[in-house]
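Asks: Sharing a model prediction with you, sequence too.
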Amino acid sequence: MNPVTGTVLAVLLSLVSAAGYALAAVAQARLAASSAAPADGRGALKALLARGQWWWAVGLNAAGALAHVAALHYGPLTLVQPLGALTLVAALPLGAYCARRRVTRTEWRGALLTLGGLVGLVAMTGPAAPGEALSLREALVVAAATALLIAALTSGRSRAGAARGRGLGHATASGVASGVASALTQTLTAALALELPGHALAWWQTTLLAVLISGFAAGGLLLSQAAYRGGLAAPLAVVNLSNPAAAAVIGVALLGETFRAGAWGWPVAGAAALVAARGVILLTKGAPPADGAPVPSPVVAGSAPRPAALDFPLPEVEPAPAPASLAR
C-alpha cells in the first residue's frame, strides 16, 4: 500500500472513531439524564446494566476503539491522535440536536479552545520514537497509584450546587483510568511478544495484567457514565484531556520519553494546557442544565418568593357574634 492510500485510510478511520465515541458519549449523557436509578451503589449499577441504551453505548465505544486501533495501523500517531480530538466537536451538536436546542456561542468557543489545547498537548507530549514498555513491577505501582487517585477524585458526597464539579472529578478519573489501561495494554503486548523489560512473564502474571486492563477500561466507562450526570460537553472535554495527560505522565516519568522540541516543549505544553482549561471553563458556563434537571422558576423583580411555611390552605373562620349590648 502506498503512503497516500494509507494516510487516507487513517484519516477516514479516525473520523469513524471520533463519530463512534461521540455517539457513545451522547447516548451515555441521555441515559444519565433520563435515568431514575439511584446515583450511587449497587442498585444504580444493576439498573444501568439492565438498560439496552447502555449496551448500545458500550458497543459504540468498542467500535470507536477498534477504528482508532485500525487507524494507527495505517497512519502515524501524530496524525491519528489529533483527529481523535474531533470527538468533542462532533458530540456537541449531536447532544444539542437530541436535546432539541441550539449550541450556544460560549459552547462553540469552549469546544474550539479545548480542541486547540488538546491538539497542542498531543503534539508536544507524544513520543518522538516508540518507547519501552513498563516492567511488571512498574505496571503494578502505576495500577496502585491510579486506584488511589481515582478514589480521591471520586470521593465525597454530592452537595447542592456541587454536582457539576463532582462530574468533572468523575470525568478526570475516567480519562486517567482509560489512559492507564492503554499503557498497560502496551505492556501486555510487549509481554506477549517477549519484549518486556526483565524476564518473560509467567502465565499468572500475564493474566494479572489482563485483569488490570479490563478493570481500568470498564472503570473508565462507568466513571464517564457518572460524569455525564452533570452534562455532556464539559465532562467529555475533561475525559479527552486527562486521557493523553495520564499517558504522557507515565511516558515521561517511567519510559524516558521527552517533549518534542526539547526544552521548548515544556512551555508550549503548558500554554496548550491553559488554553484547554479555559475551554473547559467556557463549556461549564455555557452549557444549559442537563436534561431532566429542575429549572428554577423566574422571580418577578421587586417581589419576594412566598415562604414555604405559608404554602398551605388557611382554615375558614366564622365571624364572631356581636355583643348583646349592641344587638337591636
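Replies: Alright, I've got the coordinates. Residues are numbered from 1 along each chain as shown.
Asks: quick one, longest helix in this structure?
Replies: helix 3-34 (DSSP state H).
Asks: what about it, average pLDDT?
Replies: Averaged over helix 3-34, pLDDT sits at 88.
Asks: Quickly find the element holding Leu134.
Replies: Secondary structure from DSSP states H and E places Leu134 outside every helix and strand.
Asks: nearest spatial neighbour of it, skipping sequence neighbours?
Replies: Thr187 (4.6 Å; Cβ to Cβ, 6 or more residues apart in numbering). Bear in mind the C-beta positions are built from the backbone N, C-alpha and C, glycine included.
Asks: Same check on Pro93?
Replies: Val103 (5.7 Å).
Asks: What pLDDT is listed against Pro267?
Replies: pLDDT, Pro267: 83.
Asks: try Ala273
Replies: In the predicted model, Ala273 carries a pLDDT score of 84.
Asks: In contact with it, which residues?
Replies: Counting by Cβ atoms under 8 Å, 6 or more residues apart in numbering, Ala273 touches Gly117, Leu121.
Asks: Next, the buried residues of the longest helix of the chain.
Replies: 9-33 (16 or more other Cβ atoms under 10 Å).
Asks: Same check on stretch 143-156?
Replies: Neighbour-count burial for stretch 143-156, with 16+ other Cβ under 10 Å as criterion, is recorded at Ala143, Thr146, Ala147, Leu149, Ile150, Leu153, Thr154.
Asks: same question, stretch 106-113
Replies: Glu107, Trp108, Gly110, Ala111, Leu113.
Asks: and the strand or helix carrying Leu208, how far out from the chain's middle?
Replies: Here Leu208 sits within helix 203-227, counting by DSSP H and E. How far helix 203-227 lies from its chain's middle: 16 Å, per Cα atoms, centre = their mean, to the nearest Å.
Asks: picking that back up, include pLDDT, secondary structure and distance to Met1 when you put the buried residues of stretch 143-156 into TSV, please.
Replies: Shown next, in TSV, are the buried residues of stretch 143-156 (pLDDT from 0 to 100; DSSP: H, G, I helix; E, B strand; the rest coil; distance: Cβ to Cβ, whole Å):
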residue	pLDDT	secondary structure	distance to Met1
Ala143	94	helix	37
Thr146	95	helix	38
Ala147	95	helix	42
Leu149	94	helix	41
Ile150	94	helix	41
Leu153	91	helix	43
Thr154	89	helix	44
